[in-house]
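Asker: 3D model of this:
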Amino acid sequence: PTDILFRIRHGLAGERLPRRTVFVPEPIAWSPVPEMLAGVADAYRARVRDTLGCLAGQARRTRMSIREIGWALVVRARGLGLAGPVVDVGGAAVVTAAFLAGAADFTALLVVWMCVLAARTAVSSAAILFHDATLKRYPAWQDVGRLFVAAVVEPVVFRPLTAVWTVQAGWNALRAMRTR
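Answerer: Numbering: from 1, shown residues only. The predicted model follows:
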């Protein structure tokens, strides 16, 4: 009876069956992509809200195991990453306002804007190049070209949107914490 219980409990792990590893290039699971901009905004705000909730939960804990400390560092890094769009767009907005008020010259305005655009475009371009160095998901050069065009447009269009969505989600999370 013990041998039968062992086989039931461990399934095929106790059997000596031939095994092989097979690489499957297509994803086994995926997330649905929103079709409208409002859906993208809701998904982004939910991600920000969940990250802020994790950060708040970790701040309340006094004792954590090594594994929990590791996950806390990952969540904090993600939380700092959420501040990126706000810092980018906020810095560009402050320098633009200073330029319009006469407190900054055109060179300072140009340097800040070019740094923000160049840094964001470089990060997106590096992601495309790393992806291209791995499995060729986009074999046509036109597809890769479209990705690079998106990498140039992203800092101008999507980054300000994510900054607004991050501030909205953070504000809503703070209001929710105060009402508890």
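
Asker: mind listing the helices for this structure?
Answerer: Per DSSP state H, the chain carries helices over the ranges 2-10, 37-60, 66-101, 106-133, 141-179.

Asker: I'd like the ones you listed laid out as CSV, including distance to W30, mean neighbour count and mean pLDDT.
Answerer: Every C-beta, even on glycine, is put in place using the N, C-alpha and C of the backbone. Below are the helices of the chain laid out as CSV (distance: least, C-beta to C-beta, whole Å; neighbours: other C-beta atoms under 10 Å; pLDDT from 0 to 100):
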stretch, distance to W30, mean neighbour count, mean pLDDT
helix 2-10, 31, 9, 54
helix 37-60, 14, 15, 80
helix 66-101, 21, 14, 80
helix 106-133, 16, 14, 83
helix 141-179, 19, 14, 83
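
Asker: out of the ones you listed, which gets nearest to S31?
Answerer: With C-beta to C-beta, the closest approach to S31 among the helices of the chain belongs to helix 37-60: 8.8 Å.

Asker: orientation of that closest one relative to helix 141-179 in degrees?
Answerer: Helix 37-60 runs at 50 degrees relative to helix 141-179, counting by axes from the mean of the first three to the mean of the last three C-alpha atoms, to 10 degrees.

Asker: returning to that earlier point: how about the helices of the chain in a markdown table, adding distance to S31?
Answerer: What follows is the helices of the chain, written out as a markdown table (distance: least, C-beta to C-beta, whole Å):
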| stretch | distance to S31 |
| --- | --- |
| helix 2-10 | 33 |
| helix 37-60 | 9 |
| helix 66-101 | 17 |
| helix 106-133 | 17 |
| helix 141-179 | 17 |
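
Asker: which residues sit against stretch 43-60?
Answerer: 34, 64, 72, 75-76, 78-79, 82, 162, 165-166, 168-170, 172-173, 177 (C-beta atoms under 8 Å, 6 or more residues apart in numbering).

Asker: now with 6 Å?
Answerer: Residues outside stretch 43-60 that contact it (C-beta atoms under 6 Å, 6 or more residues apart in numbering) are 34, 72, 75, 78-79, 82, 165-166, 169, 173.

Asker: again, but for stretch 144-151
Answerer: Outside stretch 144-151, the residues within contact range by C-beta under 6 Å, 6+ apart are 121, 124-125, 128, 138.

Asker: also stretch 86-101?
Answerer: Outside stretch 86-101, the residues touching it (C-beta under 6 Å, 6+ apart) are 104, 109, 112-113, 116, 159-160, 163, 166.
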